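In: I'll drop the sequence and a predicted model, then ask my questions.
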Amino acid sequence: MNDLIGRVLSFEKAVFPDQSALYAKLAQHGQSPKALMISCADSRVVPEHIMQAAPGDLFVCRNAGNIVPPSSTQMGGVSSTVEYAVAALGVRDIIICGHSDCGAMKALMNPEMLNGMPNVAAWLRHSHAAECVVRQGYPELTNEEGVRAAALENVVVQLQHLRTHPSVAAGIARGEITLHGWFFDIGAGAMYALDGSTGRFAQIQADEPLPVAHAAARHRASDVEYLEAAE
């Protein structure tokens, strides 16, 4: 803790003075983040650092396993964060970011690791679909390979859960929200993005378009055209 406290003091003396104008603007005018990022609580995965984000750029929600419970199953911090980001802040890009060597995914694929952790076990039930996909769709993988596959499939599952949230569903229908599925390889320092058209992850490249899981486009199931009432 002494080291961390020292960094706080260093921020106050060395960092804040150079960014005081930015903080004053944020304090006076509030926030208008560019994106909501839902990532794992793993201490090695720091969204603001990876994206080189300045204060005010990102609205961040972190939890074990970068999980988004389906809207109907749990009211809590993740659901509230998603709703606030979309309805109050007007965020139009939502990123779910998994990562390599994820402890939550290790526990998902090795349930014996959850002994004595009933709350974690209950939380990881929201990733059960990813576990089933790996066990039945990737039977040839080693345990280590299975954990990585689970982390990738978990991003896909959580994106599906995200779409059950009313604020997100409405934003998608209006064509105002883009969904992104990312995977960060810690050892390689590389970020991969889910391409919704192929269902595969591809490394983000500077000279290529960013793959997106669900591009912003108006979506309405009904083909009925509603006419305005005559005055």
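Out: Here it is on my side, so go on. Quick caveat, the model's predicted, so the values are computed rather than measured.
In: Helix, strand or coil: sort out the residue positioned nearest the centre of the chain for me.
Out: For the chain, the residue nearest the mean C-alpha position is residue 96 (2.1 Å; Cα atoms, centre = their mean). Assigned by DSSP: H, G, I helix; E, B strand; the rest coil, the conformation of residue 96 is strand.
In: Okay, buried residues for stretch 18-38 please.
Out: 33, 35, 36, 37, 38 (16 or more other Cβ atoms under 10 Å). C-beta: built from backbone N, CA, C; applies to glycine.
In: what's the spacing between the residue nearest to the centre of the chain and residue 181?
Out: For residue 96, the distance to residue 181 (Cβ to Cβ, to the nearest Å) stands at 6 Å.
In: where do the contact lists of those two overlap?
Out: Shared contacts of residue 96 and residue 181, defined by Cβ atoms under 8 Å, 6 or more residues apart in numbering, are found at 155, 159.
In: List the residue ranges of this protein that fall below the pLDDT cut-off.
Out: Along the chain, segments meeting pLDDT under 70 span 73-74, 223-231.
In: All the strands of it, in order from the start?
Out: Listed in chain order, the strands of the chain (DSSP state E) span 35-40, 58-63, 93-99, 178-185, 190-195, 200-203.
In: what residues does the fifth one touch?
Out: What it means is strand 190-195. Residues outside strand 190-195 that contact it (Cβ under 8 Å, 6+ apart): 50, 155-156, 159, 180-185, 200-204, 210-213.
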